[in-house]
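Engineer: Just need the structure, nothing else, for what follows:
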Amino acid sequence: QVQLVESGGGLVQAGGSLRLSCAASGRTFSSYVMAWFHQTPGKEREFVGAITRSGGSTRYGDSVKGRFTISRDNAKNTVYLQMNSLKPEDTGVYYCAAQSRSYFAREYDYWGQGTQVTVSS
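Structural biologist: Numbers count the residues shown, from 1 in each chain. As a prediction, the model looks like this:
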């Protein structure tokens, strides 16, 4: 089992950048595929991107390709989401998530509490 805690959210102007962090508890962080999701009120959580256990591969949702980058530091049990060229539509709560099935699995088992990102126009 793993517990996840996000941080780094806040208020930023359009075109700006933020870096979110997700700290994981436990000794088996490197055994989990990690992902980030984005949610706005009244909508389902949207897949932002995922990273393999080693950090060697990443994939992204269409709305963030070329702007967001996921990375991880297994020594620090932390996954990051670097968000550049932010747009007002990026506003919402960002969640990190973990699962141990496969890189392309859609279901995630563990979730953080989320961190709010607000992008002003």
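
Engineer: In what element of secondary structure is the spatially most central residue of the chain found?
Structural biologist: The structure's the chain has its C-alpha centroid closest to residue 36; by CA atoms, centre = their mean the separation is 2.5 Å. Residue 36 belongs to strand 33-39 when elements are defined using DSSP states H and E.

Engineer: just checking, what packs against that strand?
Structural biologist: With contacts taken as 3 or more CB pairs under 8 Å, 6 or more residues apart in numbering; DSSP states H and E, strand 33-39 sits against strand 18-24, strand 46-51, strand 68-73, strand 78-83, strand 92-99. For the C-beta atoms, the positions are set from N, CA and C on the backbone; glycine is no exception.

Engineer: Dump those strands into TSV; add mean neighbour count and distance to residue 60 as well.
Structural biologist: Below are the helices and strands packed on strand 33-39 laid out as TSV (neighbours: other CB atoms under 10 Å; distance: least, CB to CB, whole Å):
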stretch	mean neighbour count	distance to residue 60
strand 18-24	20	14
strand 46-51	20	4
strand 68-73	18	6
strand 78-83	22	10
strand 92-99	22	14
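
Engineer: and residue 104, how far is that from residue 7?
Structural biologist: Taking CB to CB, to the nearest Å as the measure, residue 104 falls 28 Å from residue 7.

Engineer: that older thread, could you check the angle strand 46-51 makes with the strand holding residue 36?
Structural biologist: Here strand 33-39 points in a direction 160 degrees away from that of strand 46-51 (axes from the mean of the first three to the mean of the last three CA atoms, to 10 degrees).

Engineer: So for strand 33-39, mean pLDDT?
Structural biologist: What strand 33-39 shows for mean pLDDT is 98.
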